[in-house]
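S.K.: Everything below, folded, please.
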Amino acid sequence: MPERSRNDTPTDPAPYRDISAAELIRITRAFTRRVTNQDRQRLARDLRESGHMRSVASDAPIDLRQFFAGEIDLDDDLSQRYVNAVLLSHIRLLQAPGDPPRCRAAATFNSQDDSVSMNVDAFHDAAGDIHMNFTFTLLSTLSQRFSLNGVPPVDARRWLELMRRDSGITFLWTHARWEKPYFIFVVREHFARFYAFSPQGYEASVRLTPDMVTQLCTWLEKVWLSQADEPAQLESSALNMPHAGEHRSAPGNHSSASAGDSQPTLDW
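M.R.: The predicted structure follows:
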């Protein structure tokens, strides 16, 4: 086995016992700053490819302008703005395993005392794109809803890869960027902060435990990618497996739900 360079980061936890707390904090901040810079470069590349990079300086919200200019640490800026964001620690699913399929999937993430919740519901359209609503509710009285529409599976797959990292910043937005509702998902040491923004000026934020991050990503993978990964199987199931009580049409007749229908597919 080749010898490790003197400048390599130690893999054995024992050497860290002799490092002071201040030095450990410095190392952690340096690592976080490096990851943030990589995320900024990736996002800037995406904006250039979509033609939005020139409009950042004039049209984007001020915090995004400063972030892409390297003037602020977006993670630190948002965490200070939402310093008392509620921690969501348990989840409820609309559909339990074994239940018949529904036209939409929904999951509700709640705080320990159920005073704050984040409800996520989604469905696919006829083209296979994903439509989602994130609804933040306070004391079952006041809600704010943010819609994320027309997400292609290729973007959803990429988001999941980024959201499952130990540390990093992920933007969940369509090609409309900040002109439509968008989300910022920040993970630090497996804990996450989830921010929602609307072009109308209202915002929301929650925190997620590591277990909730895992649950959210697992649920989103099923919601986002189940159709994309098994299109042939789903089509065969829809055409050749009638449900109880279903009557087959006579030869030559067609079902009222054609391939071009805009109704959401029932695959949940």
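S.K.: just the helices in the stretch 151-268 of the chain please.
M.R.: In the stretch 151-268 of the chain, the helices defined using DSSP state H, counting those that start in this stretch lie at 153-163, 210-229, 231-240.
S.K.: do the same with the stretch 1-150 of the chain
M.R.: Listed in chain order, the helices of the stretch 1-150 of the chain (DSSP H, counting those that start in this stretch) span residues 21-50, 56-59, 62-68, 74-81.
S.K.: lowest-confidence stretch among the ones you listed?
M.R.: Among the helices of the stretch 1-150 of the chain, helix 21-50 carries the lowest mean pLDDT, at a mean of 69.
S.K.: which non-adjacent residue is nearest Pro152?
M.R.: Leaving aside its chain neighbours, Pro152 sits nearest to Asp129 (5.8 Å; criterion: Cβ to Cβ, 6 or more residues apart in numbering). (Each C-beta comes from the backbone N, C-alpha and C, glycine too.)
S.K.: Tell me which residues touch the spatially closest residue to Asp121 that is not a sequence neighbour, please.
M.R.: Distance criterion Cβ to Cβ, 6+ apart; nearest residue to Asp121, sequence neighbours excluded, is Ala106 at 3.9 Å. Applying Cβ atoms under 8 Å, 6 or more residues apart in numbering, we find Ala106 in contact with 93-95, 119-122.
S.K.: One more: Met212?
M.R.: 88-91, 109, 192.
S.K.: Now with 10 Å, please.
M.R.: Contacts for Met212 were tallied using Cβ atoms under 10 Å, 6 or more residues apart in numbering; they are 87-91, 109-110, 118, 191-192, 194, 206.
S.K.: For Thr209, see how far away the residue nearest to Leu220 when sequence neighbours are not counted is.
M.R.: In space, Leu220 comes closest to Leu160 once its chain neighbours are excluded; the distance is 6.3 Å by Cβ to Cβ, 6+ apart. Shown here: Leu160 relative to Thr209, a distance of 18 Å by Cβ to Cβ, to the nearest Å.
S.K.: again with Ser147
M.R.: Separation of Ser147 from Thr209 (Cβ to Cβ): 26 Å.
S.K.: Compare the two and say which one has the larger neighbour count.
M.R.: Here Ser147 and Thr209 are set side by side on neighbour count (other Cβ atoms under 10 Å), and the busier one is Thr209, at 16 against 12.
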